[in-house]
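Q: quick one, fold the following:
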Amino acid sequence: MLRKTIVVLAATAAITALSPTIVSAAWYGHRSDIRADRRDVRSDRLDLQRDRRELRRDQRELSRDLRSGNRAEIARDLGEIRRDRMDIYRDRRDLRADRRDLFRDRRGY
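A: Numbers count the residues shown, from 1 in each chain. From the prediction side, this is the model:
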C-alpha cells in the first residue's frame, strides 16, 4: 500500500515537472501580441498626423473667416479646432499606452 502511494506521488511529480507551466504557455502568443502592438502604434501615429493636418486646415479657415468677419463660420471653426485638439490629446494618450504595452511585451513583463 505504501509502495503504491510513493510510486503514484513520484509519477505525479515527474509529470508535473515535465509539463509546460502557465508561464511558458504565455510565450506562445508573444510574437503576435508584439505585432499587434506595433500595428496599433503605427495606426495611432497615422491618425495623429491626420488630426494635425485637420487642425492646421481648420486654423487656416478660422483666419480666413476672421478676415471676412463671418461670425457663424468663426464659431463653427472654433468648435472644429476644439474637437481636433481633443482628438490629438486622445491619440497621444492612446499612442503612449500602446508604446508602453509594446515595451512591456518586449521585456516580458
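
Q: what's the closest non-adjacent residue to the residue nearest to the spatial centre of the chain?
A: Among the residues of the chain, the smallest C-alpha distance to the mean C-alpha position (CA atoms, centre = their mean) belongs to residue 98, namely 2.9 Å. The spatially closest residue to residue 98, leaving aside those adjacent along the chain, is residue 40, at 4.5 Å (CB to CB, 6 or more residues apart in numbering). The C-beta positions use only the backbone N, C-alpha and C, and glycine is treated the same way.

Q: buried residues, the helix or strand where the one you found lies. List them.
A: Using DSSP states H and E, the secondary-structure element containing residue 40 is helix 30-68. Of the residues in helix 30-68, those buried by neighbour count under the rule 16 or more other CB atoms under 10 Å are 37, 40-41, 44, 47-48, 51, 54-55, 58, 61-62, 65.

Q: could you list every helix and strand in contact with that helix?
A: Using 3 or more CB pairs under 8 Å, 6 or more residues apart in numbering; DSSP states H and E as the contact criterion, the neighbours of helix 30-68 among helices and strands are helix 71-107.
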